[in-house]
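Novice: Just to be clear, the model below is a prediction. Sequence and coordinates:
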Amino acid sequence: MKGLFLDTEEPRAMGATIRLHFLVQEGQIRADAAVQHAKSGTGLGLKFMAMMPEDCTHLAGLLTRLRQVGSIPQRPVIKELTVSENGWATQGGATELSHID
């Protein structure tokens, strides 16, 4: 529940703050996160910094479901994703969640 790794080719600086909005089976999850690790052309390790209680509930539900299948599936678990930083945003297939802590 502390963060996630995001597969993306979009670079971000260490420490950059990113606003995440993603939609999963359990509902919408919105969080502010900070870049903790960056692998050029591979992805970003993000640490959640702020999240509303209802979003925490949806994230907990997602984690419970993923634990029931035994691991994070190889296919993306997010139906829609918006990542924004200073007005920049992307949605959908260019970015996928690969690991949640």
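Specialist: Arrived safely.
Novice: Only the C-alpha atoms, please, for the longest strand anywhere in the chain, written as PDB.
Specialist: Using DSSP state E to assign secondary structure, the strand with the most residues in the chain is strand 27-39. Coordinates of the C-alpha atoms in strand 27-39 are reproduced here as PDB (Å, rounded to 0.1, in the frame of the first residue of the first chain):
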ATOM      1  CA  GLY A  27     -13.200   1.600  -8.600                       C
ATOM      2  CA  GLN A  28     -11.200   4.800  -9.200                       C
ATOM      3  CA  ILE A  29      -7.900   5.300  -7.300                       C
ATOM      4  CA  ARG A  30      -6.400   8.700  -7.100                       C
ATOM      5  CA  ALA A  31      -3.000   9.400  -5.400                       C
ATOM      6  CA  ASP A  32      -0.200  11.900  -5.300                       C
ATOM      7  CA  ALA A  33       3.100  10.100  -5.600                       C
ATOM      8  CA  ALA A  34       6.800  10.900  -5.700                       C
ATOM      9  CA  VAL A  35       9.400   9.300  -8.000                       C
ATOM     10  CA  GLN A  36      11.700   7.200  -5.800                       C
ATOM     11  CA  HIS A  37      13.400   5.200  -8.600                       C
ATOM     12  CA  ALA A  38      13.700   5.800 -12.400                       C
ATOM     13  CA  LYS A  39      14.900   3.400 -15.000                       C
END
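Novice: Can you name the residues in contact with the following helix or strand past it?
Specialist: Elements were assigned by DSSP states H and E; along the chain past strand 27-39, the next helix or strand is strand 43-50. Defining contact as C-beta atoms under 8 Å, 6 or more residues apart in numbering, one finds that strand 43-50 is touched by 1-8, 12, 17-18, 20, 31-38, 98. To be clear about C-beta, it is placed using only N, CA and C from the backbone, and glycine gets the same treatment.
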